[in-house]
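> Got a predicted structure here, sequence first:
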2 protein chains.
Amino acid sequence: MSTPALRTSRTDLQEADKNDALAPFRERFSLPEDLIYLDGNSLGPHPVGAAERAAQVINEEWSNGLIRSWNDAGWFDMPSRLGDKLSKLIGGNAGETVVTDTTSLNLFKAIASAVRIQQQDAPERRVILTERDNFPTDIYIAEGISDFLNSVNAETNEHYEVRLIDEDLSLEQALDDSVAVLALSHVNYRTGAMWDMDAVTAAAHTAGALVIWDLAHAAGAVPVDLNGANADYAVGCTYKYLNGGPGSPAFIWVNARHQGRFWQPLTGWWSHAAPFEMADSYTAANDVRRFLCGTQPITSMAMVECGLDVALDADMGTVRDKSLALTDLFITLVDERCGEFGLELITPTNHAERGSHVSFRHPEGYAIIQALIGRGVIGDYREPEVLRFGITPLYLSYTDIWDAVEILRDILETRAWDVPAYRNRNAVT
Amino acid sequence: MSTPALRTSRTDLQEADKNDALAPFRERFSLPEDLIYLDGNSLGPHPVGAAERAAQVINEEWSNGLIRSWNDAGWFDMPSRLGDKLSKLIGGNAGETVVTDTTSLNLFKAIASAVRIQQQDAPERRVILTERDNFPTDIYIAEGISDFLNSVNAETNEHYEVRLIDEDLSLEQALDDSVAVLALSHVNYRTGAMWDMDAVTAAAHTAGALVIWDLAHAAGAVPVDLNGANADYAVGCTYKYLNGGPGSPAFIWVNARHQGRFWQPLTGWWSHAAPFEMADSYTAANDVRRFLCGTQPITSMAMVECGLDVALDADMGTVRDKSLALTDLFITLVDERCGEFGLELITPTNHAERGSHVSFRHPEGYAIIQALIGRGVIGDYREPEVLRFGITPLYLSYTDIWDAVEILRDILETRAWDVPAYRNRNAVT
């Protein structure tokens, strides 16, 4: 088998690594030496210092401070304080973001809140618009809200409805005067395709809809400017590109213009105007705390700050430039080195339409990913047939990309994936 | 000032401590030596081993295992596996409980689910019944559901309504044929008063209502037998008497007879029948996983198991006996030693009506609690005017109770609370 022509060499890439302004960030993560980790878009690695922060929470603040730490160690303010830090990464202002709960729950709050505003402004708008290729939980949450509201209204025709953009229904076609809210993922979890946040938000506003952006695969990965785009709501995840730790609490952002007006039904005491007055009826807080609900997991939440601090130390423009350079390199090398093995690129090649992960379809995608993991290259698999690779500039080098593709080529060439151990799908992550 | 007569002595109590079968459990908690901690009903202390468990999650499972730990370290199954352990403490079976989200959110799921069942079985029932003295979030969540459902039905008279039991409306009066669901706290957060779970559940069922128990101040504190009482749903907290750590994830239990039928609107992907098939529409899991929603905070959740393991090693009958002995002792000593200072007991003296905390009203309650904290006796304050003391048999001794009351008496006698530092209410926990 002939070796395809290469436009670059490992030596060239070692040189690129030497000139990489982000290279020092690799030392800020605790990663096994023998791995090439291309799954930071699913679970980011451990930022150095997070273990110590958790130990401080447990051994000092919890063990010794006990209940006093709600005030003395700043536990009460943590959702807002971390929210303010996170806001800087997504084009939000202080007081617009809280870190709390899960992305799914925060999306529920955002959609319910947008629906409520439309009930007042345009009650005939009863469509929640999203896309068929969105991360499933985003569709399911929209369905849950729609079903819940329709459950009391069975006798009328005024039903809420989830409408899905897909190959048969474009965004432009779908955005009619029945749409209450448009909820999209900025970067698609599977393909890495990225919507034009400015243009889509403007189009939806022109059509009379409110806009929610799910930033799960965008925050910390690509430049995001929510206020610049004049978006209404956003939600996202801290355990992917923000490296907050497994299942770390999510975030929710609301444009300041909706504060004092929006309402969401998860009306736990943390969202009350005066939670410690123990009033016997609900009055919503007059700010972003309306999106809080119950008591947060402090140890997991405290570690979010460690990841945020690393992200805030990096220049997002530099991160984006390297992300595009690495993803370009990955796409080129896979094409040149593995083109004969049937991998179909499903990530846009146009920079403006690409996030920070790269995906390919292959009928044996599942087994190939298992074989890669067996060789120390961790990507992940997503139905159907998708091999997904997170390209994270803070801890990946140009030579990592080269080495990963060489291992991929070897696996494909030798059919190393074609063994029962790698083709058994009992355990999918 | 004359010293009141005492029916016991510190020496007697030292003897009681020597004979205390639960005394060895004290060593299983990391507590400062110079504190008497009477706030375990707000935040339980650190069980020995929890810091090590968190370090294992962070340094081994996250740092080294990375994404593989969702399977290899059992992260995926944690909500169900810990739920099965917790079930044993509340009279539940395996497969009826999951550890997830917060108590407020789980109450939302339980009420919404009960309302949904009634929409099918008895759609004219539109009252959510709870009590004015319930923990506020329980009322607020009921209001949130009611408001959300009513928002689409403004034109009809068929509105959902939150009804509150109080001094003007007894449970018996309130339980009419409009009640869809009765949601009560088993043990009242403020007074420590305990409902008769068997009798109330039976009365509600006779009246046609479904029953939800909030076990926040009951799980791990008093014997609970949800299946014995034939309850429908329960929710509760792991960071109080179960010592799971600050803000550790909560739990939700559903009677097996509702499984496969119940539905709740927080339909995140973790509640899907096949979450990794990435289907573009929602199909609920056919078991207790229907109560899951999004990805959980693994580090905080992992520590829940440490607290559960301690609780499961203790015999709940022995815990209850000591709890009643300690609370009796505390009530008696406060009466005898502090009776002249105007503390009004608001906790029932009847054993069958008492949980495991004891509360008093005093016009200067806030300042007195601050003075106690200043002297190393940690209780807490709840509006209005309530001094609250959690009495936790696993790490409190009889002499602890004696010493706490002596310090309380000294503070009251010397008016040590009557200083600005203790009367300033800027910081309430």
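Yes, it's here. From a predicted model like this one, the values you see are computed outputs, not experimental measurements.

> mind showing which ranges of chain A have poor pLDDT?
Applying pLDDT under 70 to chain A flags the ranges A:1-7, A:153-157, A:426-429.

> can you pull out the helices in it?
Here chain A has its helices, by DSSP state H, at A:10-18, A:50-56, A:69-72, A:78-87, A:103-121, A:136-150, A:171-174, A:197-206, A:226-229, A:298-313, A:316-338, A:365-374, A:398-414, A:420-423.

> For those, could you give me a markdown table that also reports distance to residue B:301 and mean neighbour count?
(Each C-beta comes from the backbone N, C-alpha and C, glycine too.) Output for these, formatted as a markdown table (distance: least, Cβ to Cβ, whole Å; neighbours: other Cβ atoms under 10 Å in any protein chain shown):
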| stretch | distance to residue B:301 | mean neighbour count |
| --- | --- | --- |
| helix A:10-18 | 38 | 14 |
| helix A:50-56 | 13 | 19 |
| helix A:69-72 | 19 | 18 |
| helix A:78-87 | 18 | 22 |
| helix A:103-121 | 15 | 24 |
| helix A:136-150 | 19 | 25 |
| helix A:171-174 | 38 | 14 |
| helix A:197-206 | 34 | 17 |
| helix A:226-229 | 30 | 19 |
| helix A:298-313 | 8 | 24 |
| helix A:316-338 | 31 | 19 |
| helix A:365-374 | 25 | 23 |
| helix A:398-414 | 32 | 20 |
| helix A:420-423 | 30 | 12 |
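
> Any idea which of the ones you listed gets closest to residue B:128?
Closest to residue B:128 of the helices of chain A is helix A:136-150 (Cβ to Cβ; 14.4 Å).

> circling back: mind putting the helices of chain A into TSV with distance to chain B?
Output for the helices of chain A, formatted as TSV (distance: least, Cβ to the nearest Cβ, whole Å):
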stretch	distance to chain B
helix A:10-18	22
helix A:50-56	5
helix A:69-72	5
helix A:78-87	9
helix A:103-121	3
helix A:136-150	3
helix A:171-174	15
helix A:197-206	20
helix A:226-229	21
helix A:298-313	3
helix A:316-338	18
helix A:365-374	7
helix A:398-414	15
helix A:420-423	14
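
> want to throw these into a markdown table with distance to residue B:238?
Putting those into a markdown table (distance: least, Cβ to Cβ, whole Å) gives the following:
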| stretch | distance to residue B:238 |
| --- | --- |
| helix A:10-18 | 46 |
| helix A:50-56 | 18 |
| helix A:69-72 | 17 |
| helix A:78-87 | 19 |
| helix A:103-121 | 18 |
| helix A:136-150 | 24 |
| helix A:171-174 | 43 |
| helix A:197-206 | 39 |
| helix A:226-229 | 35 |
| helix A:298-313 | 13 |
| helix A:316-338 | 38 |
| helix A:365-374 | 34 |
| helix A:398-414 | 40 |
| helix A:420-423 | 38 |
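
> Pull the residues that contact the longest strand along chain A.
The longest strand of chain A (DSSP state E) is strand A:179-185. The contact list for strand A:179-185 (Cβ atoms under 8 Å, 6 or more residues apart in numbering or on different chains) reads A:107, A:110-111, A:114-115, A:118, A:122, A:125-131, A:134-135, A:138, A:142, A:163, A:175, A:195, A:200, A:204, A:207-218.

> ok, 7 Å please
A:107, A:111, A:114-115, A:118, A:125-131, A:134-135, A:138, A:142, A:175, A:195, A:200, A:204, A:207, A:209-214, A:216-217 (Cβ atoms under 7 Å, 6 or more residues apart in numbering or on different chains).

> Over to stretch A:253-265?
With Cβ under 7 Å, 6+ apart as the contact definition, stretch A:253-265 has outside contacts at A:87, A:90, A:92-93, A:96-97, A:109, A:112-113, A:116-117, A:226, A:231-234, A:284, A:286-288, A:290-291, B:144-145, B:147-148.

> And that stretch, end to end?
The first and last residues of stretch A:253-265 sit 17 Å apart, counting by Cα to Cα, to the nearest Å.

> Going by neighbour count, which residues in it are buried?
Buried residues in stretch A:253-265, counted by 16 or more other Cβ atoms under 10 Å in any protein chain shown: A:253, A:254, A:255, A:258, A:259, A:262, A:263, A:264, A:265.

> Max pairwise distance over those: which two?
A:255 and A:265, at 19.8 Å, using Cβ to Cβ across these.

> Identify the residues contacting the most centrally placed residue in chain A.
Nearest residue to the geometric centre of chain A (Cα atoms, centre = their mean): residue A:216, 1.2 Å. Residues in contact with residue A:216 (Cβ under 7 Å, 6+ apart) are A:103, A:135, A:185, A:189, A:236, A:237, A:240.

> Columns distance to residue A:33 on top of the residues you listed, output as CSV?
Below are the contacts of residue A:216 laid out as CSV (distance: Cβ to Cβ, whole Å):
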residue, distance to residue A:33
A:103, 32
A:135, 32
A:185, 34
A:189, 29
A:236, 31
A:237, 27
A:240, 23
